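In: Return atomic coordinates for the entry below.
(2 chains)
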Amino acid sequence: MKRHLLEAADLDRDDATLVLDTAAQIDQALAGREVKKLPTLRGRTVVNLFYEDSTRTRISFELAAKRLSADVINFSAKGSSVSKGESLKDTALTLEAMGADAVVVRHGASGAPHRLANWVRGSVVNAGDGTHEHPTQALLDAYTIRQRLGRLEGVRVTIVGDVLHSRVARSNVGLLHTLGAEVTLVAPPTLLPVGVGSWPAEVGYDLDAVLPKSDVVMMLRVQAERMNASYFPSAREYSRRYGLDARRMTALPDDAIVMHPGPMNRGMEIAAEVADSVRSTIVEQVANGVSTRMAVLYLLLGGSQQ
Amino acid sequence: MARSSEPARSTTPGSTSGTLFSSADVARVVDRMAHQLIERAATIDPGSADGGLSDLVLVGIPTRGAPLARRLASRIEAFTGTSVDVGTADITLYRDDLRLRGVRALEPTVLPDAGIDGRLVVLIDDVLFSGRSVRAALDALRDLGRPRSVQLAVLVDRGHRELPIKADFVGKNVPTSRSQQVKVHLAETDGVDEVLVTEEVL
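Out: Residues are numbered from 1 along each chain as shown, chains lettered A, B, ... in the order given. So this is what the prediction gives:
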């Protein structure tokens, strides 16, 4: 493994498989235990550096680090020196001086974790940067697919929605391709990035045509701020064409699953009865996020630092 | 204690490397250790219908302790007709030398459905050397439950302890020098049953 996890492309197939296998072993080792804590990272410090709001990712990383006995420092831009105008670099140097072994960073600017990786000695883990990447989300999604379907090779994954602004989609396309899955992107043409043709994925515009050929449907969140930005005529029309409702769900093959990275807009991209159905893995994804992030932290920090 | 010194046929005294156990030796030593475990289990609860075997849990330390534990259990079942619970406990996340080497892959941790609380847990490993693996395993067990007691069974005790740890059941005591390596090969992991002593190749 590389020293940092900044994007899905940092993981080759062996590395990605190692993360998933490690997560599975951790899951198995902790299942049913009263003491859900391992001494592995005792004395190591993990800083959660969050410049953007986040509930599940920050809590998930915090829990993962604590379950491995690392010391965790949570830093959010609100209420810190950042609101006094401190730059990312100065914040990074401060954390460096305090001896952070790993920095988990979420930032609104694409590429911020890459910059950070040049300034600190510890490992940097990208927890979402702008519209760029969110590699641990892709790992936990891959883990969830493998857990439910038993394989990733040849699995047909359809990613639906705002691909243009989605770091989840970008990381998933890269990682799932690395792991041998076949990815199809379905979105309104306005919500596909320029150059999507060079991604290792098929592109389609008709959800109904793709659903019967999907083992996994991954619904992306339609971000509220996009709704008024003319990417599509109305929320209702988006929902009619690209939303997953109970009727559309019946078109899926029998063992197909429905995923969502959260937070959901129920009734918009996903209907409530779909989100609560047995096909939905949304709650599993959250649980798997902790074990996957434990695996990442262990693999980045657990060995000797050359 | 349940120790015995059995002469190994294939090593000549004074030789620095060679085969310590052949396949037949491994089978014989495993059988003897299985009998010793049966005797030990009987002392936990004298007069119980199954000779205390229902209280016994064999927990193998991966990699080779795991198949060894399964073999001991199947031999105990062959001798007594009673099946014994088997588990494996991966100790990687409990090791004290993680920072000294590159990161290691994890192995499975599986405990019997009945758990280990209140039972006699016998840790099973292939080679007892520094004792650090066993210390890590004891830490792992503490997080997994509270056994009535914990004992240790190893196929080979090669000496050079770095911690105050001693095995309760030993297949064979082998005096070695630190520069030597003791390698246990089992059919499940290596395709053949044998124990080799080699001079370390640097």
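
In: Looking at the residue of chain B found nearest chain A now. What's its pLDDT?
Out: Here the residue of chain B nearest chain A is residue B:103; by Cβ to the nearest Cβ that distance is 3.3 Å. To be clear about C-beta, it is placed using only N, CA and C from the backbone, and glycine gets the same treatment. On pLDDT, residue B:103 comes in at 89.

In: residues contacting it?
Out: Residues near residue B:103 by Cβ atoms under 8 Å, 6 or more residues apart in numbering or on different chains: A:1, A:298-299, A:302-303.

In: how would you label it: helix, strand or coil?
Out: Of the three states, residue B:103 takes coil under DSSP: H, G, I helix; E, B strand; the rest coil.

In: before we move on, what about residue B:82?
Out: Look at residue B:82: counting by three-state DSSP, its state is coil.

In: Against residue B:38, how distant is it?
Out: Taking Cβ to Cβ, to the nearest Å as the measure, residue B:82 falls 9 Å from residue B:38.

In: anything in contact with each of those two?
Out: With contacts taken as Cβ under 8 Å, 6+ apart, residue B:82 and residue B:38 have B:51, B:53, B:76 as neighbours in common.

In: would you turn those into CSV with distance to residue A:148?
Out: Below are the shared contacts of residue B:82 and residue B:38 laid out as CSV (distance: Cβ to Cβ, whole Å):
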residue, distance to residue A:148
B:51, 44
B:53, 38
B:76, 38
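
In: from those, which has minimum pLDDT?
Out: Where pLDDT dips furthest among the shared contacts of residue B:82 and residue B:38: residue B:51, at 85.

In: Spatially nearest residue to it (excluding sequence neighbours)?
Out: residue B:42 (4.6 Å; Cβ to Cβ, 6 or more residues apart in numbering or on different chains).

In: hang on, that neighbour packs against residue B:49?
Out: No - contact between residue B:42 and residue B:49 fails when scored by Cβ atoms under 8 Å: they sit 11.5 Å apart.

In: between these two, who's got more neighbours?
Out: More crowded of residue B:42 and residue B:49, by other Cβ atoms under 10 Å in any protein chain shown: residue B:42, with 17 against 9.

In: does that one sit in a helix, a strand or a coil?
Out: Assigned by three-state DSSP, the conformation of residue B:42 is helix.

In: Show me what from the stretch 51-200 of chain A comes close to chain B.
Out: residue A:68 (Cβ under 8 Å from any Cβ of the partner chain).

In: Wait, residue B:170 touches residue B:157, no?
Out: Yes - with contact defined as Cβ under 8 Å, residue B:170 counts as touching residue B:157 (4.7 Å).

In: Pull up the overlap in contacts between the two.
Out: Common neighbours of residue B:170 and residue B:157, counting by Cβ under 8 Å, 6+ apart, are residue B:128.

In: Just want the residue of chain A that's nearest chain B.
Out: Closest point on chain A to chain B, by Cβ to the nearest Cβ, is residue A:303, at 3.3 Å.

In: roughly how far apart are the residue nearest to that residue when sequence neighbours are not counted and residue A:29?
Out: Closest residue to residue A:303 apart from its sequence neighbours, by Cβ to Cβ, 6+ apart: residue B:103 at 3.3 Å. Separation of residue B:103 from residue A:29 (Cβ to Cβ): 16 Å.

In: got the phi/psi numbers for residue A:231?
Out: Recorded main-chain torsions at residue A:231 are phi -80, psi -30, according to degrees, to the nearest 10.

In: how about the helices in chain B?
Out: Under the criterion DSSP state H, chain B contains helices at B:23-44, B:65-80, B:132-144, B:187-190.
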